[in-house]
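give me a 3D structure for the following:
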Amino acid sequence: MARSTEVTIALDEVVLGGSLTVPERPGGVVLFAHGSGSGRHSPRNRWVADALVAGGFATLLFDLLTVDEERADAVSGHLRFDVDLLADRLLGATEWLRSGEVAALPIGYFGASTGAGAALVAAARLGESVDAVVSRGGRPDLAGQSVLERVRAPTLLIVGGLDATVLELNEQALAQIGSVKRLDVVPGASHLFEEPGALDEVARLAGAWFREHIIAPG
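You can find the predicted model right below:
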């Protein structure tokens, strides 16, 4: 039986809300970095998170922005593309996890849209401390070539076959990532993977990637 807890993550300048779910004997923990205009209540990320929990992974979904920042960003859009800021928040959440009940577990990142760029920036900074990264309909290009070249975590990019512009950006980013990497295209899926079965395929691909590259001690 999995146990879910609403948590608060206190960083130097902000306090962020999150949802931590831990199944029995988890094999790793996956942090979710949501995309622009979204948060920890994103139904798409929660769908994938539930599938990962069923597969034996703990998950942390949390808000990268505060309520006030979300309000400001809804008007200006200036924060959702600030991948360095979002990466700092992701790193802070990672450090918070390292002091809690899942501190000993290996870590993976799951990034969506602009959150994927932030996940790759954070992964590049942490090096081998992050065991795997998965991007769903992401913007890895926002991390920049010099950052992508420093990524050491095995990285899976998942893109919808109908999402032509994002697919092209992912193909370009794939060539720049300096680790084990793969690009999987979900046929007939759009940017938000709203088509029947599309999110199920995302969850299947992500779960298989994390099972392959995240190995818990013992």
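
can you give me the strands in this protein?
Read by DSSP state E, the chain holds these strands, from start to end of the chain: 3-10, 15-22, 29-33, 58-62, 107-112, 132-136, 155-160, 181-186.

out of those strands, the one nearest D68 is which?
strand 15-22 (11.3 Å; CB to CB). Using the backbone N, CA and C atoms, a C-beta is placed for each residue, glycine as well.

confidence-wise, which helix or strand of this protein is lowest on average?
helix 67-76 (a mean of 70; mean pLDDT, DSSP states H and E).

if we can go back for a sec, including mean pLDDT and mean neighbour count, could the strands of the chain go into CSV?
What follows is the strands of the chain, written out as CSV (pLDDT from 0 to 100; neighbours: other CB atoms under 10 Å):
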stretch, mean pLDDT, mean neighbour count
strand 3-10, 93, 12
strand 15-22, 94, 18
strand 29-33, 96, 28
strand 58-62, 95, 25
strand 107-112, 96, 28
strand 132-136, 97, 29
strand 155-160, 98, 26
strand 181-186, 98, 18
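
out of those strands, which comes closest to E194?
Comparison of the strands of the chain against E194 by CB to CB identifies strand 155-160 as nearest, at 9.3 Å.

other SSEs contacting the closest one?
Strand 155-160 sits against helix 114-126, strand 132-136, helix 164-176, strand 181-186, helix 198-213, with contacts defined as 3 or more CB pairs under 8 Å, 6 or more residues apart in numbering; DSSP states H and E.

now the second one: how far from the chain's centre is it?
To tie it back to what came earlier, the one meant is strand 132-136. Its chain's C-alpha centre and that of strand 132-136 lie 6 Å apart, by CA atoms, centre = their mean, to the nearest Å.

before we move on, what about stretch 13-23?
That offset, for stretch 13-23, works out to 14 Å (CA atoms, centre = their mean).

may I have that stretch as PDB, with CA atoms only?
What follows is stretch 13-23, C-alpha atoms only, in PDB (Å, rounded to 0.1, in the frame of the first residue of the first chain):
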ATOM      1  CA  GLU A  13      13.800  32.300  -0.400                       C
ATOM      2  CA  VAL A  14      10.500  30.400  -0.800                       C
ATOM      3  CA  VAL A  15       8.400  27.600   0.600                       C
ATOM      4  CA  LEU A  16       7.000  25.200  -2.000                       C
ATOM      5  CA  GLY A  17       4.100  22.700  -1.600                       C
ATOM      6  CA  GLY A  18       4.500  19.100  -2.700                       C
ATOM      7  CA  SER A  19       3.000  15.600  -2.600                       C
ATOM      8  CA  LEU A  20       5.300  12.700  -1.600                       C
ATOM      9  CA  THR A  21       4.000   9.200  -2.300                       C
ATOM     10  CA  VAL A  22       6.000   6.200  -1.100                       C
ATOM     11  CA  PRO A  23       5.100   2.600  -1.800                       C
END
